[in-house]
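Engineer: I'll drop the sequence and a predicted model, then ask my questions.
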Amino acid sequence: MWGISNFVKYTVMTLLVLMIAIGNASATASISISPESHTGLSPGETFSVDVDVNSGIDQLSAIHIVLDYDSNAFEVISITKGSLLENDALIEPESGDDGDGTITYGFADASYDAPGSGTLISIEFQTKDTIEGVYSLSFKEAKLLDQNKDYLAGEATGSSVVVGDVTDDASTPLETIDLASQTKSPSSSISSSTSVVEPQLGYAYIFGFHPDDYKAIERYGVAQSEESWSQNSLKLENELVTEFEGQYLFPQGKIVSIGSNSAGYLVVVFYEPLMVDQTEMDLIYGIIDRNAQDMDIGNVPVEFGEGTISDISDNLQELIQRVQSMKEMELEDFMNNESPLYDPLVVATAGKLPQINTEKECWQWYFQDSYAISLNMSDEIDDYLQNGILLSTGLSPDGYFEVKINEDTDANKKQLITDVYEIMNREATNTGVSEVPVVFKLASPDEIEDKLTSTPEDEAALEEEEATESEAETTPGFGYLLGILSLTLAYFMRSKA
């Protein structure tokens with residue numbers, strides 16, 4: 001099993017966005033769309049709705065909604081903040097309209113408390129050239145958190161929109177969901193979901209460890225009581241570590257632990273600040289179910305949970321502070337001899353530093369976006385590395401890519417910088433990142449080789465590294481985690497052949 005010291009040592013991620021914890025109900029609350037209906041709309045006509053909150057308490061610490069609409073019938077023109085959100089409210093990442101019928105919006109900020117009631121957002125729609133009919137605006141997910149970060153009990157109610165000369169049947173109730181409910185129940189063809197009620201259970205993990213503030217959030221399948229389950233669950237756990245490695249395990253994914261509990265469930269734990277959703281749990285359960293069926297296990301019991309890891313968070317906050325400290329600077333300052341960032345070896349900079357305020361944003365940049373960019377550009381960049389024109393590429397802990405150019409190369413350095421940045425920015429754009437930040441720096445081949453050569457002063461570190469590599473051979477998932485980090489914060493140095 002992983003020791004916490006090794007996990008902390010080789011893990012880096014990010015701040016609070018939206019706590020997904022099952023808390024005690026402290027008030028009856030509601031979220032609603034007003035007006036309740038629009039009627040007689042014509043194609044091309046615009047209309048507006050408000051998402052109103054009535055929490056029944058004085059202040060809120062977080063709000064999160066997911067609203068569905070028919071994208072074949074309507075187009076979102078604008079979304080504006082309402083009276084609940086002041087300028088210093090930290091808006092949830094990826095808030096807005098996806099263009100495919102889903103609007104996500106929320107905020108969470110430890111330093112900001114929203115009023116208990118008011119308008120969260122106002123949405124302006126435009127009807128498309130579509131057939132007449134009655135359409136619904138409905139909540140897929142809705143959460144209100146009080147100042148103690150506990151969920152409030154209540155309901156979220158949608159509205160109806162009538163296009164054309166159609167009579168809306170007022171006797172049909174508007175779609176309503178419970179606050180803090182999951183997006184939907186998992187498919188009954190592979191599982192059943194039940195509320196988690198047992199307060200004290202024993203947990204054992206073969207990958208990761210028990211995180212702080214663990215909370216079970218969802219259960220699928222039926223608990224097993226057969227004597228063979230213990231042996232089958234251990235075999236299944238090991239198979240899943242292999243199956244999930246490279247996409248779903250932290251830090252590349254959101255899963256930090258895999259094990260089982262004393263209630264007869266296989267346990268999968270997510271890192272809480274990354275905000276796993278129901279769709280992701282459904283997907284992962286489908287993978288588990290497929291592996292279980294290969295072992296003749298039907299309706300496999302799985303408990304999904306989440307939690308924080310305080311030691312990791314401390315290190316991640318240091319990373320966030322480093323990135324945020326760069327906000328006061330510009331990459332161009334590396335070439336300004338009056339700047340504290342000045343480096344005479346830097347010959348060019350391009351792009352903009354990422355805006356990172358939360359653990360999820362940091363994880364997205366360091367372990368999703370930058371990793372994808374690095375992999376996708378590797379073939380073309382390898383040509384420059386193999387030819388000795390470039391000496392290394394890597395991601396700085398300060399959030400920008402660093403490209404080291406061989407100072408002895410005869411290549412046209414201006415054209416080289418243009419060509420390399422074009423490759424990197426193209427792959428960044430394909431990943432969804434605009435203006436990828438890159439610093440180009442001259443370096444000596446001897447300098448790179450010296451870094452790759454052991455010295456007497458490095459012997460202790462080398463021995464520790466060898467011990468770590470030995471542990472990697474026996475610890476599930478360890479090798480990949482170390483590999484990922486070598487591609488990011490540890491400067492994925494790529495020497496010429």
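Structural biologist: That came in fine, so what should we check first?
Engineer: tell me what the longest helix anywhere in the chain is packed against?
Structural biologist: Among the segments of the chain that qualify as a helix by DSSP state H, the longest is helix 413-431. Counting contacts by 3 or more CB pairs under 8 Å, 6 or more residues apart in numbering; DSSP states H and E, helix 413-431 packs against strand 346-350, helix 370-386, strand 401-406, strand 438-443. In this view, the C-beta of every residue, glycine as well, is placed from N, C-alpha and C.
Engineer: Run through who's touching it.
Structural biologist: Outside helix 413-431, the residues that touch it by CB atoms under 8 Å, 6 or more residues apart in numbering are 347-348, 350-351, 369, 372-373, 376-377, 380-381, 384, 389-390, 401, 403, 405, 409, 434-436, 438, 440.
Engineer: for the helices and strands packed on helix 413-431, which one ends up most surrounded?
Structural biologist: strand 401-406 (a mean of 22; mean count of other CB atoms under 10 Å).
Engineer: partners of that strand in the sheet?
Structural biologist: Here strand 401-406 is paired, per DSSP bridges, with strand 390-395 (antiparallel), strand 438-443 (parallel).
Engineer: quick check: angle from that strand to helix 413-431?
Structural biologist: 150 degrees (axes from the mean of the first three to the mean of the last three CA atoms, to 10 degrees).
Engineer: Now do strand 401-406: distance to the chain's middle.
Structural biologist: Centroid displacement of strand 401-406 relative to its chain, using CA atoms, centre = their mean, to the nearest Å, is 29 Å.
Engineer: can you check stretch 393-410 too?
Structural biologist: Worked out by CA atoms, centre = their mean, stretch 393-410 lies 27 Å from the chain centre.
Engineer: averaged over its residues, what pLDDT does it have?
Structural biologist: For stretch 393-410, the mean per-residue pLDDT is 92.
Engineer: What is the end-to-end distance of it?
Structural biologist: Using CA to CA, to the nearest Å, one end of stretch 393-410 lies 19 Å from the other.
Engineer: rewinding a little: mind giving me TSV with the helices and strands packed on helix 413-431 and columns for distance to Ser78?
Structural biologist: Formatted as TSV, the helices and strands packed on helix 413-431 follow (distance: least, CB to CB, whole Å):
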stretch	distance to Ser78
strand 346-350	33
helix 370-386	31
strand 401-406	35
strand 438-443	34
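Engineer: Leu90: which of the ones you listed is closest?
Structural biologist: Across these, Leu90 has its closest neighbour in helix 370-386 (22.8 Å, CB to CB).
Engineer: Just the C-alphas of that closest one, formatted as PDB.
Structural biologist: C-alpha atoms of helix 370-386 as PDB (Å, rounded to 0.1, in the frame of the first residue of the first chain):
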ATOM      1  CA  SER A 370       0.000  20.700 -20.400                       C
ATOM      2  CA  TYR A 371       0.300  16.900 -20.400                       C
ATOM      3  CA  ALA A 372      -1.900  16.600 -23.500                       C
ATOM      4  CA  ILE A 373       0.100  19.400 -25.300                       C
ATOM      5  CA  SER A 374       3.400  17.700 -24.400                       C
ATOM      6  CA  LEU A 375       2.300  14.300 -25.800                       C
ATOM      7  CA  ASN A 376       0.700  15.700 -28.900                       C
ATOM      8  CA  MET A 377       3.700  17.800 -29.900                       C
ATOM      9  CA  SER A 378       6.300  15.200 -28.900                       C
ATOM     10  CA  ASP A 379       6.800  13.700 -32.400                       C
ATOM     11  CA  GLU A 380       7.600  17.000 -34.100                       C
ATOM     12  CA  ILE A 381       9.700  18.300 -31.200                       C
ATOM     13  CA  ASP A 382      11.700  15.100 -31.100                       C
ATOM     14  CA  ASP A 383      13.100  15.900 -34.500                       C
ATOM     15  CA  TYR A 384      14.700  19.100 -33.100                       C
ATOM     16  CA  LEU A 385      15.900  17.200 -30.000                       C
ATOM     17  CA  GLN A 386      17.400  14.400 -32.000                       C
END
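Engineer: quick one: average confidence on that helix?
Structural biologist: 92.
Engineer: which helices and strands sit right next to that helix?
Structural biologist: On a contact count with 3+ CB pairs under 8 Å, 6+ apart, helix 370-386 meets strand 390-395, helix 413-431.
Engineer: looking at those, which has the lowest confidence?
Structural biologist: strand 390-395 - the lowest mean pLDDT of the helices and strands packed on helix 370-386, at a mean of 91.
Engineer: After the host helix or strand of Gly56, which helix or strand is next? Please name it.
Structural biologist: Element membership of Gly56 [criterion: DSSP states H and E] is strand 46-60. Downstream of strand 46-60, the next assigned helix or strand under DSSP H and E is strand 62-68.
Engineer: need the next SSE after that next one, C-terminal direction.
Structural biologist: Assigned by DSSP H and E, the successor of strand 62-68 is strand 74-81.
Engineer: who does the helix or strand just after that following strand pair up with?
Structural biologist: Counting by DSSP H and E, the next helix or strand C-terminal to strand 74-81 is strand 96-97. With DSSP bridges as the test, strand 96-97 is paired with strand 102-108 (antiparallel).
Engineer: which parts of the next helix or strand after the strand it pairs with are buried?
Structural biologist: Counting by DSSP H and E, the next helix or strand C-terminal to strand 102-108 is strand 114-127. By neighbour count, with 16 or more other CB atoms under 10 Å as the criterion, the buried positions of strand 114-127 are Ala114, Gly116, Ser117, Gly118, Thr119, Leu120, Ile121, Ser122, Ile123, Phe125, Thr127.
Engineer: again, but for stretch 425-432
Structural biologist: So, applying 16+ other CB under 10 Å, buried residues of stretch 425-432: Asn425, Glu427, Ala428, Thr431.
Engineer: and Asp52, which of the helices and strands packed on helix 370-386 is closest to it?
Structural biologist: helix 413-431 (37.0 Å).
Engineer: CA-only coordinates of that closest one, as PDB, when you get a sec.
Structural biologist: Taking C-alpha atoms only, helix 413-431 is exported to PDB below (Å, rounded to 0.1, in the frame of the first residue of the first chain):
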ATOM      1  CA  LYS A 413      17.100  31.100 -34.100                       C
ATOM      2  CA  LYS A 414      14.400  33.600 -35.000                       C
ATOM      3  CA  GLN A 415      12.800  31.200 -37.500                       C
ATOM      4  CA  LEU A 416      13.400  28.300 -35.100                       C
ATOM      5  CA  ILE A 417      11.400  30.100 -32.300                       C
ATOM      6  CA  THR A 418       8.600  30.900 -34.700                       C
ATOM      7  CA  ASP A 419       8.400  27.300 -36.000                       C
ATOM      8  CA  VAL A 420       8.500  25.700 -32.500                       C
ATOM      9  CA  TYR A 421       5.900  28.000 -31.000                       C
ATOM     10  CA  GLU A 422       3.600  27.400 -34.000                       C
ATOM     11  CA  ILE A 423       3.800  23.600 -33.200                       C
ATOM     12  CA  MET A 424       3.200  24.200 -29.500                       C
ATOM     13  CA  ASN A 425       0.400  26.700 -29.900                       C
ATOM     14  CA  ARG A 426      -1.400  24.600 -32.500                       C
ATOM     15  CA  GLU A 427      -1.400  21.600 -30.100                       C
ATOM     16  CA  ALA A 428      -2.500  23.900 -27.300                       C
ATOM     17  CA  THR A 429      -5.400  25.200 -29.300                       C
ATOM     18  CA  ASN A 430      -6.500  21.700 -30.100                       C
ATOM     19  CA  THR A 431      -6.500  21.100 -26.400                       C
END
